[in-house]
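Undergrad: Got a predicted model here, sequence first, then my questions.
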2 protein chains.
Amino acid sequence: MRILVLGGDGYCGWPTALHLSNRGNEIAVVDNFVRRSWDHELGAQTLTPIRPLTDRLRIWHRLMGKEIESFVGDILDYEFLAGVMKEFAPEAVVHFAEQRSAPYSMIDRQHAVFTQMNNVVGTLNVLFAIKEFQPDCHLVKLGTMGEYGTPNIDIEEGYIRIQHNGREDVLPFPKQPGSFYHLSKVHDSHNVHFCCKIWGIRATDLNQGVVYGTVTDETALDEALVNRFDYDEVFGTALNRFCVQAAIEHPLTIYGEGGQTRGFLDIRDTVRCIELACQNPAARGEFRVFNQFTEQFSVLELAQMVHTAGQRLGLRVVVDHLPDPRVEAEQHYYNAKHTKLAQLGLKPHLLSESLVDSLVNIAMQHRDRVDPALLMPRVNWRNSRNDRRSKREVAIAAD
Amino acid sequence: MRILVLGGDGYCGWPTALHLSNRGNEIAVVDNFVRRSWDHELGAQTLTPIRPLTDRLRIWHRLMGKEIESFVGDILDYEFLAGVMKEFAPEAVVHFAEQRSAPYSMIDRQHAVFTQMNNVVGTLNVLFAIKEFQPDCHLVKLGTMGEYGTPNIDIEEGYIRIQHNGREDVLPFPKQPGSFYHLSKVHDSHNVHFCCKIWGIRATDLNQGVVYGTVTDETALDEALVNRFDYDEVFGTALNRFCVQAAIEHPLTIYGEGGQTRGFLDIRDTVRCIELACQNPAARGEFRVFNQFTEQFSVLELAQMVHTAGQRLGLRVVVDHLPDPRVEAEQHYYNAKHTKLAQLGLKPHLLSESLVDSLVNIAMQHRDRVDPALLMPRVNWRNSRNDRRSKREVAIAAD
């Protein structure tokens, strides 16, 4: 299958491109390297030293004999995107090319506006390009479990049957997103749903949980294929950040009580879920929603697992509770369904002691690259700035 | 009360500014005149010859002794908006400053992207400006009944209590908007709701029905205060367009079967609803939703009323059914609640024979300004273009 991976240089996009290539698909990636530039903006870097995309692709080709084509550009540039669609003519488009950090979207007005513009307009362009050049192409769009928020009822996969005043209908599940980033994904979901309806586009919206891990079968093949591993407060996801904190014996920073419960999954399951979605496309006009995670944990539970792993590895790890910089419930009901990808054949990699140990080990291996200043929360939901501030001001504000 | 009316030169904004001024409030308007430029783009004009804003405001001052301040600029320019908020320091902001036409948003990719960017970013700017400069200010935001679509259950005002698997919660009412424009309002609603939650902003989202009429008590005071009356297929709302078609003995253009049922209201009720919302502000942190319409009609029912009025006035009026250029249900259940504004004191102007007669009379009075070519649908939901086309091309495509 010819699959175009938008955002193919990123944390999820890169291992997905390799996995799909390894499984015999013809892959092209699109990226504008803006994710790498955000590291410069924030003074951060991935824990694992990643290589430039050209190197990565050359090594992959040398190792596996498989060519992955790359197109460098911004999907907000419709002329560029149209050219790629015409030239590569994909049967599926996997869309990771969005700003994906909640804290980044909450820094200030400019970052909020950038996130929503970038994500919403990028997705609109993808929809128009599919309609114009590849109307039968299947859009596999990354959403987030954070679109749902934490309602006091079970979370279904995209839709819910509602009985009301003696009538009933199946309607989109109500959304209560918790950041300008999460909001952008809700906007996307509504836009994609509408285009499926009016143009007969086939789309799968993957409401992904919080991803952990860095290694997949393919990235493990060579040091030059190593994937990102973000640990900073802006782009680092919870478990990854805790593992890095343990590795340098920094307190594990739980926001508030830590009762915040979310869906999680291993990056190896991310790449498999994308493959399953591509292999089983939505019908023409169908807007299909899968909840893409394998297990639920509270933040406190994750911290305790890392705490225990640290003790096993001889590290002095303490758990610290910080005032929650986000506006969210710190204790709440949470029960989200996630059966559709399992029905398609997903065999989850569940979070085990040995996996947590291996993540802490990776962090220990690269501990000299850790900047502890990046671990503490500086972005506060209640005080998003209206004006840009310099990194130095941010640092002072956090003191 | 100091009230800032964003979009104060437009169809709803202008009579609202006058009404609020007349009732003793201190009013300033913001406008960038982009609505007037869309007339140039589309080769259209309001049926009623409107005057430049400066003239309108001068006459209002001369007649009533009341000064309405005007700020000319684009709310997408945050520096401009911030300056207005600081200088005028409003207690309420009434936000009409959005692209409000569904067909306009469906012309092509550029118009879709423009509509969503303009509306979403404009509203984000308003939210940040309120937070920064006037945190206690009440945002009165115009939404649309079109956000809900046509679910098979009763439409509530913003929220719905859902029982599910033995638990329950009150959640945002699921949205099924039917154009890129309606989608932009759904995005806005989610963004405003979130900012109420995190920053304690007070907001009222007015999900307005389709507005008809042009005359209010204030615009009737002088010919120079006359309000817009749009009849073209892009900006003309259904009843106004039918009245113009009757006046020139053009067939009334019903899209499809005409069973499409919506909420409608008189422009005199629009201005009163805004006043009621301002007089009864939402609490800090509250995101309040009112459904702002007074009666439900199907498009066919409206056409029949205009048909009858035309006969009374001696006009030869026929009703024509065109293939529906939109993707929508032509027959469906529709029962939307609208009690909250009535509870605050709204006394509706219901649609009567005499009112329809007066609308047709206004249209007859200005029939020499009607361009029949603007009445027929040219924008098709199924074929939104990817590239801009010239007006000439649009005209050819419609033939």
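TA: Thanks, I have it. Given the structure is predicted, the values throughout are model-derived calculations rather than measurements.
Undergrad: Can you list the residue ranges for helices in the stretch 201-350 of chain A?
TA: Here the stretch 201-350 of chain A has its helices, by DSSP state H, counting those that start in this stretch, at A:238-247, A:267-279, A:299-312, A:340-343.
Undergrad: Can you lay out those as JSON lines showing mean neighbour count?
TA: Where C-beta positions appear, they are placed from N, C-alpha and C, glycine not excepted. Converted to JSON lines, the helices of the stretch 201-350 of chain A look like this (neighbours: other CB atoms under 10 Å in any protein chain shown):
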{"stretch": "helix A:238-247", "mean neighbour count": "27"}
{"stretch": "helix A:267-279", "mean neighbour count": "23"}
{"stretch": "helix A:299-312", "mean neighbour count": "20"}
{"stretch": "helix A:340-343", "mean neighbour count": "17"}
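Undergrad: Select, out of those, the one closest to chain B.
TA: Distance to chain B, taken as CB to the nearest CB, is lowest for helix A:340-343 among the helices of the stretch 201-350 of chain A, at 17.4 Å.
Undergrad: How are the strands of the stretch 101-250 of chain A distributed by residue range?
TA: Taking DSSP state E, counting those that start in this stretch, the strands of the stretch 101-250 of chain A run over residues A:138-144, A:159-164, A:167-172, A:202-208, A:210-212.
Undergrad: Mind listing the strands the first one pairs with, and their directions?
TA: It refers to strand A:138-144. strand A:92-95 (parallel), strand A:202-208 (parallel) (DSSP bridges).
Undergrad: ditto for the second one
TA: Based on DSSP bridges, the strands next to strand A:159-164 in the sheet, each with its direction, are strand A:167-172 (antiparallel).
Undergrad: For the helix ranked longest in chain A, buried residues please.
TA: Using DSSP state H to define each element, chain A has its longest helix at helix A:109-133. Across helix A:109-133, burial judged by 16 or more other CB atoms under 10 Å in any protein chain shown covers A:109, A:111-133.
Undergrad: Close to chain B as well: tell me which of those qualify.
TA: Subset of those in contact with chain B: A:109, A:112-113, A:116-117, A:120-121, A:124-125, A:128-129, A:131-132, counting by CB under 8 Å from any CB of the partner chain.
Undergrad: Mean neighbour count and distance to residue A:49 for the strands of the stretch 101-250 of chain A - can I get that in JSON lines?
TA: Listed next are the strands of the stretch 101-250 of chain A as JSON lines, based on neighbours: other CB atoms under 10 Å in any protein chain shown; distance: least, CB to CB, whole Å:
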{"stretch": "strand A:138-144", "mean neighbour count": "27", "distance to residue A:49": "25"}
{"stretch": "strand A:159-164", "mean neighbour count": "17", "distance to residue A:49": "43"}
{"stretch": "strand A:167-172", "mean neighbour count": "16", "distance to residue A:49": "42"}
{"stretch": "strand A:202-208", "mean neighbour count": "26", "distance to residue A:49": "26"}
{"stretch": "strand A:210-212", "mean neighbour count": "22", "distance to residue A:49": "20"}
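Undergrad: Among those strands, which comes closest to residue A:45?
TA: strand A:210-212 (18.7 Å; CB to CB).
Undergrad: For the closest one, which strands pair with it and how are they oriented?
TA: Taking DSSP bridges as the criterion, strand A:210-212 forms sheet pairs with strand A:261-266 (parallel).
Undergrad: got the CA coordinates for the partner strand in CSV?
TA: What follows is strand A:261-266 as a C-alpha-only set of coordinates in CSV (Å, rounded to 0.1, in the frame of the first residue of the first chain):
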residue,chain,number,x,y,z
THR,A,261,-6.4,9.2,35.1
ARG,A,262,-5.7,8.8,31.4
GLY,A,263,-5.3,6.1,28.8
PHE,A,264,-1.7,5.1,28.0
LEU,A,265,0.1,3.0,25.3
ASP,A,266,3.5,1.8,24.3
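Undergrad: which parts of it are buried?
TA: For strand A:261-266, by 16+ other CB under 10 Å, it's A:261-266.
Undergrad: okay, the angle between that strand and helix A:299-312?
TA: 50 degrees (axes from the mean of the first three to the mean of the last three CA atoms, to 10 degrees).
Undergrad: quick one on the thing from earlier: need the helices of the stretch 201-350 of chain A in CSV with distance to chain B and mean pLDDT, can you?
TA: What follows is the helices of the stretch 201-350 of chain A, written out as CSV (distance: least, CB to the nearest CB, whole Å; pLDDT from 0 to 100):
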stretch, distance to chain B, mean pLDDT
helix A:238-247, 20, 95
helix A:267-279, 24, 98
helix A:299-312, 19, 97
helix A:340-343, 17, 98
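Undergrad: In TSV: those helices, plus distance to residue A:13.
TA: Below are the helices of the stretch 201-350 of chain A laid out as TSV (distance: least, CB to CB, whole Å):
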stretch	distance to residue A:13
helix A:238-247	17
helix A:267-279	10
helix A:299-312	24
helix A:340-343	19
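Undergrad: quick one: pLDDT of residue A:237?
TA: Per-residue pLDDT puts residue A:237 at 87.
Undergrad: list the contacts for it?
TA: A:210-212, A:230 (CB atoms under 8 Å, 6 or more residues apart in numbering or on different chains).
Undergrad: and which of those residues is nearest residue A:296?
TA: Using CB to CB, the contacts of residue A:237 come closest to residue A:296 at residue A:210, 10.4 Å.
Undergrad: Is that closest one in contact with residue A:262, as I believe?
TA: Yes: using CB atoms under 8 Å, residue A:210 is in contact with residue A:262, at 5.4 Å.
Undergrad: mind listing what the residue of chain A positioned farthest from its centre touches?
TA: Going by CA atoms, centre = their mean, the residue of chain A most distant from its centre is residue A:166, 40.1 Å out. Residues near residue A:166 by CB under 8 Å, 6+ apart: none.
Undergrad: who wins for proximity to residue B:197 among the strands of the stretch 101-250 of chain A?
TA: Using CB to CB, the strands of the stretch 101-250 of chain A put strand A:138-144 closest to residue B:197, at 17.9 Å.
Undergrad: How about residues contacting the closest one?
TA: Against strand A:138-144 from outside (CB under 8 Å, 6+ apart): A:12, A:91-96, A:98, A:123, A:126-127, A:130, A:182, A:185, A:188-189, A:192, A:201-209, A:274, A:277-278, A:281-282, A:289.
Undergrad: Same check on stretch A:301-319?
TA: For stretch A:301-319, contacts defined as CB under 8 Å, 6+ apart pick out A:238-239, A:242-243, A:245-247, A:249, A:251-252, A:254, A:258, A:264, A:351, A:353, A:356-357, A:360-361, A:364.
Undergrad: got the residues of the stretch 1-150 of chain A near chain B?
TA: So far as CB under 8 Å from any CB goes, the stretch 1-150 of chain A lies against chain B at A:78, A:82, A:109, A:112-113, A:116-117, A:120-121, A:124-125, A:128-129, A:131-132.
Undergrad: what's the spacing between stretch A:292-302 and its chain's center?
TA: Taking the mean of its C-alpha atoms, stretch A:292-302 sits 15 Å from the chain's own mean (CA atoms, centre = their mean, to the nearest Å).
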